[in-house]
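Participant: Build me a model from this:
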Amino acid sequence: MHKNLPMDPELAPAYEAWRSAMKGGIDLNDIPATRKLMAELASKLPKPDPVPGIRVQDMHAPAPKGGQDVLVRIYRPEDNARVPAVLWIHGGGYVLGDIERDHATCMNLAKFANCLIASVDYRLAPEHPFPAPLEDCYAALKWLANSAADLGIDKSRIVVSGASAGGGLAAGLALLARDRGEIKLKGQMLIYPMIDDSNVAPATAERPDTLLWTRENNRVGWLSYLGVTPGSAGVSPHAAATRATDLKDLPPAYISVGDIDLFRDEDIAYAQRLLAAGIPTELHVYPGGYHGFNGIVPNSGIARRFNGDRDEALKRMLHG
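Facilitator: This next block holds a predicted model:
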């Protein structure tokens, strides 16, 4: 399946094992069944050990209009110093995932970057299409800023971040926060973000399919999130950030992606447009990296570079 893709050799065995466990890969033709399979696989994994010095607490942000209160899991250093904060948004193509999947990542980031991480359990499509997931994230962001004194954070140093669809939501949230003018962000950290709803053409011999997250998955994910045909007219830039025509006055950005990830070209193009709009932007492209490789093979050399670069950049963004 991947013979024509220049994959980093350390990544291949784990990819094949993941694909076998997922019974051939992610299948969005039956989203409930895929959610169930992913939950079953996750239940068999060992629970991550607590990170010394990091306190974990589940809290709730007030409901956005038409929604319910939003679960936000807080990860905070135990010392009493005021710290910056990150609103973390999990991935899953807008239709999969939950806050449990990034539990270890959030604990470790809070420790390494000496910050509070607020992980958002937003509603999923297709049951809750745009704007519901984004409004949940905005409700969590507004609560985070308004609760700065109680949480012990510096609300002038809040970053939005996430991976895949979480990165797409973070990019949309940065645009929404700018446009509503209620919260000024310190930065946006977009990890292989899913931001272009027009990137849904079927695979061909000239344009082979991508690994883990396929072109068909992308089509179904976007259709589920938007509720309209992906690539059609009138899609909000808050839903798909590449639709934005004005990128001025956005917070500094960090974008990282593998070079055999379906999102490579859209992520590079967005970074270039941010730079052209005068937004300080750091872009990293990792040769041989497929979508999500840093979580599947975290001990590989390429994943250690990817995660290490991300963590150092977050520390600079928060404390610089």
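Participant: what ranges do the strands span in the chain?
Facilitator: Here the chain has its strands, by DSSP state E, at 54-61, 70-77, 83-89, 116-120, 153-163, 187-191, 253-258, 281-286.
Participant: Going by contacts, tell me the helices and strands next to the second one.
Facilitator: Helices and strands in packing contact with strand 70-77 are listed as strand 54-61, helix 103-112, strand 116-120, helix 132-146; criterion 3 or more Cβ pairs under 8 Å, 6 or more residues apart in numbering; DSSP states H and E. To be clear about C-beta, it is placed using only N, CA and C from the backbone, and glycine gets the same treatment.
Participant: Give me the mean pLDDT for it.
Facilitator: The average pLDDT within strand 70-77 is 98.
Participant: hmm, who's touching it?
Facilitator: Applying Cβ atoms under 8 Å, 6 or more residues apart in numbering, the contact partners of strand 70-77 are 53-64, 83, 99, 103, 106-107, 109-111, 114-122, 136, 139-140, 143-144, 151-152.
Participant: In the longest helix belonging to the chain, which residues are buried?
Facilitator: Scanning the chain for the helix with the most residues, using DSSP state H, yields helix 301-319. For helix 301-319, burial by neighbour count (16 or more other Cβ atoms under 10 Å) applies to 302, 303, 306, 307, 310, 311, 313, 314, 315, 317, 318.
Participant: and if you look at stretch 21-36?
Facilitator: 25, 26, 27, 28, 31, 34, 35.
Participant: before we move on, back to that, among the contacts of strand 70-77, name the buried ones.
Facilitator: By neighbour count, with 16+ other Cβ under 10 Å, these hold 54, 56, 59, 61, 64, 83, 99, 103, 106-107, 109-111, 114-122, 136, 139-140, 143-144, 151-152 as buried.
Participant: if we can go back for a sec, so what secondary structure elements neighbour the longest helix of the chain?
Facilitator: On a contact count with 3+ Cβ pairs under 8 Å, 6+ apart, helix 301-319 meets strand 83-89, helix 103-112, strand 153-163, strand 187-191, strand 253-258, strand 281-286, helix 293-296.
Participant: which stretches of the stretch 1-150 of the chain aren't confidently modelled?
Facilitator: Along the stretch 1-150 of the chain, the parts satisfying pLDDT under 70 run over 1-4.
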